[in-house]
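Asks: Starting from these lines, generate the structure:
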Amino acid sequence: MKCLVVIAHPLQESLCNSLAAQAIETLRAAGHEVLIEDLYRNNFAAAMTDAERSSCYTQCYDAGAIQPEADRLLAADALVLCFPTWWFGFPAILKGWFDRVWGPGIAYDHATDLGPVKPRLHKLRRVLVVTTLGSPWWVDWLVLHRPVRRVLKRAILGTCAPNCRFEMLSLYKSERLDDAQVRRFSAKVNKALSKWA
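Replies: Residues are numbered from 1 along each chain as shown. So this is what the prediction gives:
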């Protein structure tokens with residue numbers, strides 16, 4: 001498969017970037033083609049431009065500034081998202097990637113009556129999310145009801161790629177882990193990717 005790996009962490013030596021590198025290695029070892037979208041290294045601009053926003057409801061979304069990113073998304077059979085969860089949400093740069101790249105005519109089409117949008121990412125078959133959180137699991141699950149997972153699965157993928165298989169791996173208390181805990185989580189990432197055929 002053609003796999004797009006999107007990385008959204010500013011520190012090259014971070015655990016998140018290490019997990020992304022492992023995912024890339026695992027995918028390549030299995031024979032998949034890997035496209036890498038390292039948002040911080042690429043200096044991706046998170047803010048939507050005037051032209052992009054003003055063209056959202058016209059016949060043609062102005063994707064000129066993000067066409068390479070849109071092309072990589074459209075080419076992907078599978079997507080791996082590697083990012084830290086900050087304040088129980090996406091890093092701003094990743095939110096900006098969704099805002100700008102998952103635009104009309106790329107990830108979805110507007111209905112003529114402005115009703116429910118119509119999905120366009122029919123090629124996207126699998127999505128794996130790998131995220132790190134500083135909080136313990138119970139805050140994410142029991143207090144906040146997994147907000148990042150809900151937004152990704154129901155709002156973004158449910159709207160734009162409803163037929164893809166979704167899996168999310170969350171590494172909790174990530175600032176206080178020992179090597180054995182990191183290795184166990186890394187094994188989960190490898191196991192999830194090994195199912196991709």
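
Asks: quick one, strands of the chain?
Replies: Taking DSSP state E to define them, one finds strands in the chain at 2-7, 33-38, 78-84, 108-109, 118-119, 126-132, 165-171.

Asks: Tell me how far the fourth one lies from the chain's centre.
Replies: For strand 108-109, the gap between its own C-alpha mean and the chain's C-alpha mean amounts to 18 Å (CA atoms, centre = their mean, to the nearest Å).

Asks: residues making contact with that strand?
Replies: 102, 117-121, 159-160 (CB atoms under 8 Å, 6 or more residues apart in numbering). (Each C-beta comes from the backbone N, C-alpha and C, glycine too.)

Asks: Which residues does the residue sitting nearest the centre point of the chain form beta bridges with?
Replies: Closest to where the C-alpha atoms of the chain average out (CA atoms, centre = their mean) is Leu81, at 3.5 Å. With DSSP bridges as the criterion, Leu81 is bridged to Val6, Val129.

Asks: Please give me every residue in contact with it.
Replies: So Leu81 contacts 6, 8, 94, 127-131, 152 (CB under 8 Å, 6+ apart).

Asks: if we go to 10 Å?
Replies: Applying CB atoms under 10 Å, 6 or more residues apart in numbering, we find Leu81 in contact with 4-8, 20, 23, 37, 90, 94, 97-98, 127-131, 148, 152, 168.
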